[in-house]
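Enquirer: Compute the structure for the input listed below.
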Amino acid sequence: MGAAPSEQTLRVDPITLATVVGTLDTSLREMSITMRRVAMSPVLAIGNDFSNAIFDGQPRMLDQGHDQPVHIGAMIFACKQVADYFQGDLRPGDVIYHNDPRTGGSHLPDMTVYKPVFIDDQLMFWTANRSHMNETGGPLAGGYNPHATEVWAEGLRISPIKLYESGRARYDIIDFLLTNFRTRRQFRGDLSAQVAACTLAEQRLRRLVTRYGAETVISSCEALLDRAERLMRMEIGAMPDGTYKGSSVIEDDGHGSGELMISATVRIQGESIHVKLEAPPQTNSYINSYASNSMSAVYLGLLTYVSANIPHNEGVYRPVTVDLGPKGTMVNAEEPAACGLSTSTPLGHVAEAVRAALAEALPERAGGGWGKVCMDCFSGTDPRTGEAYAYLSHLTSQGGGGAFWGQDGEPAIGAIEQAGAARTGEVELIEYMLPFHVRRHELREDSGCPGRWRGGWGLAVEIEPIDHDVQLSIIGDGMKHASPSLLGGGSESDGDRAFARTIHAPGGQRDVSLHSVAPLRAGEVLEVFTAGGGGVGPAKERALESVIADWRGGLLSTGSAMRDYGVEIGLEFTPDGRRRITATRAEESAAIEI
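Expert: Here you go, the predicted model:
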């Protein structure tokens, strides 16, 4: 049986509860609009690499934006630690900044604004915005250092600190931050956008309490959390009890570690779930994850196997317990472990391991692997303005999504840890904001892993710097292994569906490897093929009409149709002279007139 509703829950009528929920949702949407319109760096204004959340005064997450899953779960723990840090020292008008992984941060580029919301001297809410800032002040512009062996080599760590105190800006602290970042003007704009987003949400929450009163709003918040818990327990209760295992392989981290495996054991018992992670010791590289970041990964994996209609607030996680294993592992790192890549590697692998375990329990909800985060970070000096820039390129990283039982994967949607929230942006806008020419940006033929439901297509991208040399950091995972398929999906040719990078220069071409820093000179072109998503179910069971549709769309070659699906595709003419596409597999055939 689910948990009994609290006494406060019973006092809230459905109309009032719906209005409170609507205000929370609207406030979060307005925060996102503010970020897109005010932020100055491409990673935020174009890439949408930010997340918003609203907490009650305790603080418990009441609602989250339709943002980056990689951020959202970790913010639950970060906000609590920030509140504890300033316990007894909070005032109306305070604004707090933070990125330290020791106290709930993830990696250093993810910097968070927290704004406590007081009403009549009562701390009722927190508004929060976590944004991937385009600079951390580390040895390499852009915040990613593939050569880092400890966190000190990754940039400026910010323990919780007040940017505003009782409504007054602390310009000494703000200037201290700006002084440490190469992209000073963009950072100032992005920081202002974060503060503005949190302040706007604060205003909406004040109006809500003025309209309904503090007691009603508090009761509504309790009801919202209880409802999410109740629905989650119902979901878990419908799952088959048992213990299930899954794993995910991390490619070599560039420091000679070889391939590393992360394993997840998921135990379903009644209306509760327990997840236990096993991972190698923390490494001498930037692929370690501190606790809050790893918790976010576990939550992400679980949420992909439950109904999307459950409210995503902290009540969802009441039936969930997690054992990250001992301190000092890759998924439960401790200082001084470097963690620059943690929000993709190993976060995506933890989520993938949890999903693989749940696929055993719920094959009808099975989901293939998504293209990993395999990114390029460009940095240089814009010849048009003379200003330094850093660009974490979603454009050259968006792989295909994994298929689900009954549904093909989405094309170029990005990694599971982004879940479609990150954006490549319009090519014209990128070329306007940055000194680049995008020569090619299209879906990549044959990139989706085969299956009864195939993985989503990846991308083929060519990008060229204009009139200047660029420092290029290549980071992530997925240049060796394709996205994993499930339940008989995939094929022997999947290795060709992984990420690939080549620099084309006037004198020839050179391949580039992961976890490296390479020059990209004026006149050279970076060519990137992103990975497709994993398939679900045997490819030979895919409907012939679907094979024809992929071939006709120019994204499935005749050779792949035969090799991976066993389908021979041809063209013929009908007796009345019309053309017809034919598809034949064993005793099965189909035709479509064109």
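
Enquirer: any idea how this structure splits into domains?
Expert: Domains of the chain are assigned by automatic domain parsing as 7-229, 366-445+455-533, 543-593.

Enquirer: can you tell which of those is closest to residue 306?
Expert: Evaluated over these, closeness to residue 306 peaks at domain 7-229, with 10.8 Å, by Cβ to Cβ. The C-beta positions use only the backbone N, C-alpha and C, and glycine is treated the same way.

Enquirer: hang on, the earlier thing: tell me which of the domains of the chain approaches residue 316 most closely.
Expert: Among the domains of the chain, if distance is taken as Cβ to Cβ, the winner is domain 7-229, at 4.7 Å.

Enquirer: Without its sequence neighbours, what residue ends up closest to residue 104?
Expert: residue 78 (2.9 Å; Cβ to Cβ, 6 or more residues apart in numbering).

Enquirer: Now that neighbour: which helix or strand?
Expert: Assigning secondary structure by DSSP states H and E places residue 78 in helix 69-85.

Enquirer: Which parts of that helix count as buried, going by neighbours?
Expert: 69-83, 85 (16 or more other Cβ atoms under 10 Å).

Enquirer: which is the next helix or strand following it?
Expert: Downstream of helix 69-85 (by DSSP H and E), the next one is strand 95-98.

Enquirer: List the residues that contact the residue nearest to residue 104.
Expert: 98, 103-105, 112, 130, 292 (Cβ atoms under 8 Å, 6 or more residues apart in numbering).

Enquirer: now it: how far from residue 111?
Expert: For residue 78, the distance to residue 111 equals 11 Å [Cβ to Cβ, to the nearest Å].

Enquirer: what touches both of these two?
Expert: Each of 98, 130 lies in contact with both residue 78 and residue 111 under the rule Cβ under 8 Å, 6+ apart.

Enquirer: circling back to that earlier point, mean pLDDT lowest where, among the domains of the chain?
Expert: Mean pLDDT is lowest for domain 543-593 among those, at a mean of 89.

Enquirer: Of all pairs in the contacts of residue 78, which one is the farthest apart?
Expert: 103 and 130 (13.5 Å).

Enquirer: Tell me who's in contact with the closest residue to residue 337 other than its chain neighbours.
Expert: Leaving aside its chain neighbours, residue 337 sits nearest to residue 288 (4.0 Å; criterion: Cβ to Cβ, 6+ apart). For residue 288, the contact set (Cβ under 8 Å, 6+ apart) comprises 282, 330, 333, 337-339, 342, 346.

Enquirer: What backbone torsions are found at residue 288?
Expert: Backbone dihedrals for residue 288, given as degrees, to the nearest 10, come out at phi -90, psi 150.

Enquirer: and if you look at residue 498?
Expert: Main-chain torsions, residue 498, degrees, to the nearest 10: phi -80, psi 180.

Enquirer: How about residue 161?
Expert: Backbone torsions for residue 161, taken as degrees, to the nearest 10, come to phi -140, psi 140.

Enquirer: re the thing from before, can you say which of the domains of the chain is nearest to residue 253?
Expert: Here domain 366-445+455-533 is closest among the domains of the chain (Cβ to Cβ), at 6.2 Å.

Enquirer: For the stretch 1-150 of the chain, which segments count as helices?
Expert: Secondary structure of the stretch 1-150 of the chain (DSSP state H, counting those that start in this stretch): helices at 7-10, 14-38, 42-45, 69-85.

Enquirer: Equivalent analysis for the chain, please.
Expert: Along the chain, the segments classed as helices by DSSP state H run 7-10, 14-38, 42-45, 69-85, 171-179, 184-212, 214-237, 291-303, 347-361, 427-433, 544-552, 558-565.

Enquirer: of all the ones you listed, which lies closest to residue 469?
Expert: Nearest to residue 469 among these is helix 427-433 (18.1 Å), distances taken as Cβ to Cβ.

Enquirer: ok, residue 120 - how many residues close by?
Expert: Per other Cβ atoms under 10 Å, the neighbour tally for residue 120 reads 8.

Enquirer: for it, what are its contacts?
Expert: Counting by Cβ under 8 Å, 6+ apart, residue 120 makes contact with residue 214.

Enquirer: Put together CSV for the helices of the stretch 1-150 of the chain, with distance to residue 451 on each row.
Expert: Listed next are the helices of the stretch 1-150 of the chain as CSV, based on distance: least, Cβ to Cβ, whole Å:
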stretch, distance to residue 451
helix 7-10, 44
helix 14-38, 34
helix 42-45, 33
helix 69-85, 24
